[in-house]
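Enquirer: When you get a sec, could you give me coordinates for this:
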Amino acid sequence: MPIKAVVFDWGGVLMRTVDYAPRHRSDDQLGLPHGSVEKAVHGSDAWRHAQVGEISVEDYWNAVSSHLGLTRDQLSKLRVEVYSGDRLDAAVFSILQLCREKSLRTGLLSNNTSDLMDSIRAAQLEALFDAIVISADIHIMKPEPAAYTAILDKLNVVAAEAIMIDDFPSNIEGARAVGMAAILFVPGGSWNAELQRLIETS
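Expert: Numbers count the residues shown, from 1 in each chain. From the prediction side, this is the model:
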C-alpha cells in the first residue's frame with residue numbers, strides 16, 4: 001500500500017533542546033543541582049496531567065512554581081528561560097517541506113499541553129501540516145492507540161498508508177501496533193534515509 005502521509009512528533013524531533021545552559025542557569029540561581037528545573041518542568045505529575053488536559057496550563061505552571069518555591073517574577077522568567085535553548089531542527093524541517101513537495105500529507109502528533117498550538121502559530125508553522133493533534137486536546141497520549149487513530153482520521157488515511165517519526169521507542173512501538181510504519185528519530189542519524197526508503201518502496 002503506498003505511503004500517503006508522514007506524521008511528525010514535536011518535542012525532541014521538530015523542536016529540540018540544543019542548549020541546556022539556560023536550564024542549568026536557572027538551577028544555579030535557585031541553588032539547586034543541575035537537572036532540578038528540568039525534572040520539575042517535565043518530570044512531574046502536573047506535567048502529565050497537563051498533557052492530557054486534566055489541568056490547565058496555568059495550573060501546571062503554578063504547580064511547578066510551588067514545587068520550586070518561586071516568586072511570581074521568578075516563575076515568569078523561568079517560563080521563558082526554560083525553553084530559550086530550544087531550536088527548530090533544520091534537517092527535520094527540510095524533510096517536512098520535502099514531504100509536502102511530494103504531495104504527501106503531513107501531520108503533527110504531540111504529547112503536549114494545549115498552548116503548543118500558540119507556539120506553532122507564533123513560529124508560522126501551522127500551514128505546513130494538514131492535521132495537528134495535541135494530547136491535551138484529545139485527553140489521550142501516545143502510545144495509546146486512540147492517539148494515532150486521531151491523527152490518521154484527521155489526515156483521512158489508514159494506518160498502513162502513514163509513517164510516524166518519533167524520538168521515544170515506546171511511541172514507535174505504539175505506532176507499529178496500530179499498523180503504521182514508524183521510524184525512531186535520532187539526531188544526526190539515518191532516519192531520513194529510512195523515511196525516503198519507505199516512501200520509495202511503498
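
Enquirer: Next one: the residue of the chain positioned farthest from its centre from V37, what distance?
Expert: Distance from the C-alpha centroid of the chain, by C-alpha atoms, centre = their mean, peaks at G31 (29.7 Å). For G31, the distance to V37 equals 12 Å [C-beta to C-beta, to the nearest Å]. Every residue, glycine included, has its C-beta placed from N, CA and C.

Enquirer: Check W47 too.
Expert: 12 Å.

Enquirer: neighbour count winner among these two?
Expert: Using other C-beta atoms under 10 Å, the more surrounded residue of W47 and V37 is V37, with 26 against 19.

Enquirer: nearest spatial neighbour of that one, skipping sequence neighbours?
Expert: S26 (4.6 Å; C-beta to C-beta, 6 or more residues apart in numbering).

Enquirer: what's near enough to touch that neighbour?
Expert: S26 sits next to V37, L78, E81, V82 when contact means C-beta atoms under 8 Å, 6 or more residues apart in numbering.

Enquirer: Skipping its backbone neighbours, what lies nearest the third one in space?
Expert: Put plainly, it is E81. P22 (4.9 Å).

Enquirer: coming back round to it: tell me the helix or strand right after the host helix or strand of the residue nearest to V37.
Expert: Assigned by DSSP states H and E, S26 belongs to helix 21-30. Of the helices and strands lying after helix 21-30 in sequence (DSSP H and E), the nearest is helix 36-42.

Enquirer: mind listing what's buried in the helix or strand just after that next one?
Expert: Downstream of helix 36-42, the next assigned helix or strand under DSSP H and E is helix 45-51. Within helix 45-51, the residues that count as buried by 16 or more other C-beta atoms under 10 Å are A46, W47, R48, H49, A50, Q51.

Enquirer: Same check on stretch 14-31?
Expert: Under 16+ other C-beta under 10 Å, the buried positions of stretch 14-31 are L14, M15, R16, T17, P22, R23, H24, S26, D27, L30.

Enquirer: Can you give me the end-to-end span of it?
Expert: End-to-end distance of stretch 14-31 (C-alpha to C-alpha, to the nearest Å): 32 Å.

Enquirer: ok, now stretch 132-140?
Expert: 14 Å.

Enquirer: Please state the offset of it from the chain centre?
Expert: When C-alpha coordinates are averaged (C-alpha atoms, centre = their mean, to the nearest Å), stretch 132-140 and its chain have centres 11 Å apart.
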